[in-house]
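*Asks:* Here is the input, now give the coordinates:
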Amino acid sequence: MYRMVRVADEDADFQRIVWREDPAKEVQDYKLLTVTFGTAAAPYLAVKALNQVAKDHKMEFPLAADKVEREFYMDDLMSGAQTLEQGIKLYKEMSALLKKGGFLLQKWSSNNQDLITEIYRNEKQPDPNNNEDKNLEIKEDNIVKILGLTWNKSHDELQYSVKLPPLSKPITKRKIISDVARLFDPLGWIAPCVITAKVFIQRLWITGVGWDEEPSTDIIGDWLKYREELLQLTNFRLPRWLKTRMDDSLVELHGFCDASNVAYAAVVYLRIVSTSGDIHVNLIGAKTKVAPVKQVSIPRLELCGAALLAKLLAEIAEVMDIPKTQTRAWTDSTVVLAWLNKHPTRRGHCLELYSDNGTNFVGASKELRELFNLEKSTIAQEIAESLATQEPQIGDIVLIKDDDLPPAKWLFGRIDRNIQDQTTLLELQLLNAKVH
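*Replies:* Alright, predicted model coming up:
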């Protein structure tokens, strides 16, 4: 991909190299005219060129242009379609779009053999994976991972491959950390296993052992046991398809957070209600962090978990294009809920989180709408009737918005009279009645 992006002539002088085929010949100067591996700007320039092609031809190839902007990771496209016809259309649009910039997609793979057959028929070349039950490895670089993620096309499942190198003695801090660094779990699907390895790193640092020294026997014993148990992860399977369809009745994100004195974590699930009423729940992603070495109270770690969940939910909702009104975050810590109910300036990273009903801390607008329908309140019916009108009238019940308070803390008021006969300036009389 890099070699398909040309560098501006005035910048090519900064990519000069010297070379000679024979020591007896004179050294010659060469200029690298394309983006070069290893330079700091190379990833940005390659991705920018790819996105610019999509932007320039978006009107001509709208489907493919959107996929380029959202579903490319460097030079790898990971996308899908609901039907075979849509898949063929995406292939043709994507190939035509990228050809405008000189980019040629290769090594197509799919769980649908009919689609693959059609692609390679158009490419006028044989399918290299024909009649092969070959899994596709998913990775970010060329480093050999101890724990890698692969896609099983025949079963359309994601699974983990474990490649444990021979263990040589002595078992040092350097070797343990080197193994931990090669655990590949980008979406946190096996976060409970990976966090154990992170805790090992913390234990090593606390002991103060040197890089090439052996840690204590109990740490080595725990590490060897953990290393052997990694092999069991090959039995882990996760369906690639989330059961989503274009006509689903409801798609929601539900996140959960928790903490202990060792670590805190957040996990997000996708809940889908189909048109037939079937409900499907799938794991989307998770994040974990080791608790600080300095002792911190459990409630504060629970708050750290809530902040971690808020970030994770926001990232996933943006990528999956799910509105905030359809996201829910859950915590069992009443102390955290009380903290989130404080003034916004004291919420830190949880600025957008609200404590509404004692169980979830996102979705205040939904809780307020439910609040209006409660029959226990003496003014609930008045509120409901007032909300049905487009323009506020004298005597209407209104909700007074306050940007410095969460919606659950906003006050209700009754419109008393117009000021100076202007309909836009109204005098409100605060209601003392509380809505429960």
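*Asks:* Show me which helix runs longest in the chain.
*Replies:* Among all segments of the chain classified by DSSP state H, the helix with the greatest residue count is helix 298-320.
*Asks:* Show me which positions of the next helix or strand after that helix end up buried.
*Replies:* Per DSSP states H and E, the first helix or strand lying C-terminal to helix 298-320 is strand 327-330. Buried residues in strand 327-330, defined by neighbour count with 16 or more other C-beta atoms under 10 Å: 327-329. No exception for glycine: its C-beta is placed from N, CA and C like everyone else's.
*Asks:* Please apply the same query to stretch 241-258.
*Replies:* Buried residues in stretch 241-258 (16+ other C-beta under 10 Å): 251-258.
*Asks:* Tell me where the model's unsure across the chain.
*Replies:* Across the chain, the ranges flagged by pLDDT under 70 are 124-147, 342-399, 401-410, 412-436.
*Asks:* redo that, cut-off 80
*Replies:* 74, 123-149, 164-167, 338-436 (pLDDT under 80).
*Asks:* one step back: could you pick out which of the buried residues of stretch 241-258 are located in helices?
*Replies:* If you go by DSSP H, the buried residues of stretch 241-258 have nothing in helices.
*Asks:* Residue nearest the middle of this protein, spatially speaking?
*Replies:* The residue lying closest to the centre of the chain (C-alpha atoms, centre = their mean) is I316, at 4.0 Å.
*Asks:* the helices in the stretch 1-150 of the chain, which residues?
*Replies:* 9-12, 42-56, 62-71, 84-99, 113-123 (DSSP state H, counting those that start in this stretch).
*Asks:* Dump the ones you listed to a markdown table, plus distance to T275 and mean neighbour count.
*Replies:* Shown next, in a markdown table, are the helices of the stretch 1-150 of the chain (distance: least, C-beta to C-beta, whole Å; neighbours: other C-beta atoms under 10 Å):
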| stretch | distance to T275 | mean neighbour count |
| --- | --- | --- |
| helix 9-12 | 54 | 11 |
| helix 42-56 | 32 | 16 |
| helix 62-71 | 24 | 17 |
| helix 84-99 | 19 | 17 |
| helix 113-123 | 25 | 15 |
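*Asks:* among those, which is nearest L411?
*Replies:* helix 62-71 (41.7 Å; C-beta to C-beta).
*Asks:* Contacts made by stretch 232-246 with the rest, please.
*Replies:* Outside of stretch 232-246, the residues within contact range by C-beta atoms under 8 Å, 6 or more residues apart in numbering are 82, 111, 147, 151-152, 155-162, 189-190, 193, 251, 270, 272, 274-275, 280, 282-284.
*Asks:* Go again with 7 Å.
*Replies:* 82, 147, 151, 156-162, 189-190, 193, 251, 270, 272, 274, 280, 282-283 (C-beta atoms under 7 Å, 6 or more residues apart in numbering).
*Asks:* Please measure how far the first residue of that stretch sits from its last one.
*Replies:* Terminal residues of stretch 232-246 are spaced 36 Å apart (C-alpha to C-alpha, to the nearest Å).
*Asks:* Would you agree T288 falls within a strand?
*Replies:* Yes - the assignment for T288 by DSSP: H, G, I helix; E, B strand; the rest coil puts it in a strand.
*Asks:* Now do the strands in the stretch 101-250 of the chain.
*Replies:* For the stretch 101-250 of the chain, applying DSSP state E, counting those that start in this stretch gives strands covering 136-138, 147-152, 157-162, 237-239, 250-259.
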